[in-house]
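> whatever this is, show me its structure:
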Amino acid sequence: MKTQRRDLGKRSVRRALLWGAAAAVLLLAGCSGGAGDGRAEEGDKAAGDTTCDGKIDGTAHITMWFHAGQSGEQTTLKRQVKEFNRSQRQVRVELVTLPEQRPYTELVLSAAASGDLPDLLDFDGPNLYSYAWSGTLKPIDSCVPARIRKDLLPSIREQGTYDERLWGVGTFDSGLGLYVRPSVLKDAGVRVPKGVDDAWTADELTEILRKLRAEGYEAPLDLNFTDSKLADEWNTYAFAPAVWSAGGDLIDPEEFRTADGFLNGPESVEALSTMQRWVEEGYVDRDEKEDKSAFVKGRTPISWMGHWKYGEFSEAYPGDVAIVPLPDFGTGTVTGMGSWQWGIPSGGADGDAVWRFLEYLLRPEQVARMSEANGAIPATEGGVKLSPLFDENGAERLFIEQLRSGAARPRPQTPAYPAVTVAFSHAVADIVFSGAPAQKTLDEAVAAIDQDLAAHDGYPKSGP
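Numbers count the residues shown, from 1 in each chain. Have a look, this model is predicted:
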């Protein structure tokens with residue numbers, strides 16, 4: 001049985017690879033149909049779709065996919081799978097190795113279109129809403145006991161929820177802020193913010209950049225420059241907070257029916273125009289060396305960056321790295337949140353068997369173990385307690401405070417998110433880094449998003 005299951009897993013990957021990008025795009029947009037596309041049946045949705053009933057019959061064999069993340073993540077997960085299998089005999093887990101020649105999300109969408117998803121799926125958090133709406137995932141409310149749900153960070157619960165149901169859960173979350181070198185700021189007479197309520201304003205940051213230039217830093221700010229042709233999820237994750245902080249949004253945050261008046265509203269225009277001016281005035285490192293090391297090599301003493309850089313930055317400047325909030329563009333500092341999550345695809349193995357393994361991954365010691373491996377923020381309060389970097393005096397304390405306080409916001413929780421992020425990430429690249437007119441560019445982004453919404457009747461909650 002075990003050998004047969006492994007062969008099925010390998011064949012599923014091969015079949016998924018045969019599907020073209022066109023099938024993937026159709027599924028992501030929620031246009032696919034038919035009984036073999038991995039969607040839950042409408043009857044299951046209407047009945048509440050109880051994924052877990054508390055029983056596992058016999059020995060269950062489950063397959064799982066995991067994205068090609070950091071080597072530390074993969075090594076840790078492989079060990080966790082091996083140790084879990086050794087610890088009990090009722091559930092056997094197989095981690096399927098995926099080919100690297102195609103983007104992970106594209107492979108997932110192709111597999112969903114052909115009904116070849118594994119029993120346990122790893123996916124980037126914002127994609128959850130599209131997957132849930134299209135029926136690619138099962139809700140997991142019936143699987144997650146109250147004690148574990150309570151232990152999850154509020155951001156993890158929020159990220160995994162769509163249409164008032166829980167569809168995914170992560171073992172780690174993300175952190176985003178400004179990395180600074182306190183010694184450099186002190187020499188320039190610049191204050192170092194103490195926390196969420198003490199952020200620099202956008203105007204204050206502009207003045208700080210002028211001071212740092214006078215201190216000899218020609219381009220003192222690192223924004224992880226992204227060429228417009230290579231615009232990706234980083235632009236949405238990193239710079240949507242500037243729009244939110246200004247009072248704008250990427251789409252109507254209540255009904256998700258239009259982006260008009262939100263993404264192209266005056267607040268959004270002003271936020272991105274401010275960042276555009278930083279680039280035009282030469283305050284932003286253009287990464288002409290293409291080394292992505294502006295902060296490490298001393299070209300910039302301020303870096304707008306995520307949690308994954310703490311280890312590298314602190315190693316370069318021991319004792320001289322601090323993390324402060326993103327600038328306040330008008331309504332208070334806002335930051336990003338959300339990372340990779342686990343979900344149970346429709347039509348897969350027994351949900352209780354899959355949950356048995358997920359419950360193991362969510363144990364405090366396992367959460368802390370993964371966080372130590374990839375530098376991310378532990379997804380549970382129990383895991384946080386075991387991670388010194390996030391304690392009261394920990395170097396990364398700000399990240400956990402942001403996730404608990406509400407300063408962190410999820411990317412738009414709508415099945416239209418794939419269209420939203422493509423339009424916004426390219427608009428950021430064009431406006432901020434290429435100098436395109438903000439209003440016109442955002443109007444065009446709004447048109448693209450609203451066209452997608454219209455094509456899917458606004459993504460009704462009943463599904464496609």
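
> which intervals of the stretch 51-200 of the chain have sub-threshold pLDDT?
101 (pLDDT under 70).

> now with 90?
For the stretch 51-200 of the chain, applying pLDDT under 90 flags the ranges 57, 67-72, 97-106, 109.

> which stretches in it count as strands?
60-65, 91-95, 120-124, 137-138, 161-162, 165-166, 172-173, 176-180 (DSSP state E, counting those that start in this stretch).

> between those, which gets nearest to G319?
strand 176-180 (13.2 Å; C-beta to C-beta). C-beta here means a position set from N, CA and C on the backbone, and glycine is covered the same way.

> which neighbours does the closest one have in its sheet, and in what orientation?
Using DSSP bridges, the strands paired with strand 176-180 are strand 302-306 (antiparallel), strand 322-324 (antiparallel).

> re earlier: between the strands of the stretch 51-200 of the chain, which one is nearest to W200?
The closest of the strands of the stretch 51-200 of the chain to W200 is strand 176-180. By C-beta to C-beta, the value is 8.2 Å.

> excluding its backbone neighbours, what's nearest F172?
Spatially, and ignoring its direct neighbours in sequence, F172 is nearest to A376 (3.7 Å; C-beta to C-beta, 6 or more residues apart in numbering).

> residue contacts, that neighbour?
Applying C-beta atoms under 8 Å, 6 or more residues apart in numbering, one finds that A376 lies in contact with F172, D173, S174, G175, H307, W308, S339, M370.

> one more pass at 10 Å, please.
69-70, 73, 170-175, 306-308, 339-340, 367, 370, 396, 399 (C-beta atoms under 10 Å, 6 or more residues apart in numbering).

> now A68
A68 makes contacts with Q74, T97, L98, P99, E100, P103, Y104, as judged by C-beta under 10 Å, 6+ apart.

> give me that answer again for 6 Å
A68 makes contact with E100, according to C-beta atoms under 6 Å, 6 or more residues apart in numbering.

> quick one, phi psi at it?
Note on A68: backbone dihedrals following degrees, to the nearest 10 are phi -80, psi 70.

> ok, it to P103 distance?
Note on A68: its distance to P103, by C-beta to C-beta, to the nearest Å, is 10 Å.

> ok, A445 next?
From A445 over to P103 the distance is 22 Å, taken as C-beta to C-beta.

> same deal with L212?
Going from L212 to P103 by C-beta to C-beta gives 37 Å.

> between these two, which is the more surrounded one?
Higher neighbour count among L212 and P103: L212, with 23 against 13, using other C-beta atoms under 10 Å.

> please name the nearest non-neighbouring residue to that one.
Distance criterion C-beta to C-beta, 6+ apart; nearest residue to L212, sequence neighbours excluded, is P220 at 3.8 Å.

> neighbours around the one you found, how many?
The local packing of P220 (other C-beta under 10 Å) involves 26 other residues.

> can I get the strands paired with strand 176-180 in CSV with distance to G248?
What follows is those, written out as CSV (distance: least, C-beta to C-beta, whole Å):
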stretch, distance to G248
strand 302-306, 18
strand 322-324, 23
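
> which one of those is the most hemmed in?
Comparing these by mean neighbour count (mean count of other C-beta atoms under 10 Å), strand 302-306 comes out on top with a mean of 24.

> list the helices and strands the helix or strand following it packs on?
Going down the chain from strand 302-306, the next helix or strand is helix 310-316, by DSSP states H and E. On a contact count with 3 or more C-beta pairs under 6 Å, 6 or more residues apart in numbering; DSSP states H and E, helix 310-316 meets no helix or strand.

> mind listing what's buried in helix 310-316?
Within helix 310-316, the residues that count as buried by 16 or more other C-beta atoms under 10 Å are Y310, F313, S314, A316.

> ok, the nearest residue to the third one once chain neighbours are set aside - how many residues close by?
Distance criterion C-beta to C-beta, 6+ apart; nearest residue to S314, sequence neighbours excluded, is V321 at 4.8 Å. Burial measure for V321: 21 neighbouring residues, criterion other C-beta under 10 Å.

> unless I'm mixing things up, V321 is touching E312, no?
No. Using C-beta atoms under 6 Å, V321 is not in contact with E312; the gap is 9.9 Å.

> that older thread, nearest to A416, out of the strands paired with strand 176-180?
Here strand 302-306 is closest among these (C-beta to C-beta), at 24.5 Å.

> C-alpha coordinates for the closest one, CSV please?
Extracted in CSV, the C-alpha atoms of strand 302-306 (Å, rounded to 0.1, in the frame of the first residue of the first chain):
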residue,chain,number,x,y,z
ILE,A,302,18.0,51.7,6.3
SER,A,303,16.4,48.7,4.6
TRP,A,304,12.7,48.2,4.0
MET,A,305,12.7,44.4,4.4
GLY,A,306,11.2,41.3,5.9
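
> what's next to it, contact-wise?
Outside strand 302-306, the residues that touch it by C-beta under 6 Å, 6+ apart are S174, L176, L178, Y179, V180, P220, L221, D222, L223, F295.

> where's L326 relative to K194, distance?
Here L326 is placed at a distance of 15 Å from K194 (C-beta to C-beta).

> for stretch 77-97, buried residues please.
Burial within stretch 77-97, assessed by neighbour count using 16+ other C-beta under 10 Å, is assigned to L77, Q80, V81, F84, V91, R92, V93, E94, L95, V96.

> and those as CSV, adding distance to G458?
Converted to CSV, the buried residues of stretch 77-97 look like this (distance: C-beta to C-beta, whole Å):
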residue, distance to G458
L77, 38
Q80, 41
V81, 41
F84, 42
V91, 40
R92, 43
V93, 39
E94, 40
L95, 38
V96, 36
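
> between those, which is nearest G247?
Of all the buried residues of stretch 77-97, G247 sits closest to L77, with 40.2 Å by C-beta to C-beta.

> skipping its backbone neighbours, what lies nearest that closest one in space?
F66 (5.8 Å).

> I figured the one you found was touching L120, is that so?
No. Between F66 and L120 there is no contact under C-beta under 6 Å: 9.0 Å.

> more neighbours: which of those two?
Each of F66 and L120 has its neighbours counted (other C-beta under 10 Å); L120 has more, 26 against 21.

> isn't that one right up against M64?
Yes. In this structure, L120 is within contact of M64 by C-beta under 6 Å, at 3.8 Å.

> which residue ranges of the stretch 301-450 of the chain form strands?
302-306, 322-324, 335-336, 340-345, 377-378, 408-409.

> now render the ones you listed as CSV, adding mean pLDDT and distance to D450.
Listed next are those as CSV, based on pLDDT from 0 to 100; distance: least, C-beta to C-beta, whole Å:
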stretch, mean pLDDT, distance to D450
strand 302-306, 97, 29
strand 322-324, 98, 36
strand 335-336, 97, 24
strand 340-345, 96, 28
strand 377-378, 97, 34
strand 408-409, 96, 22
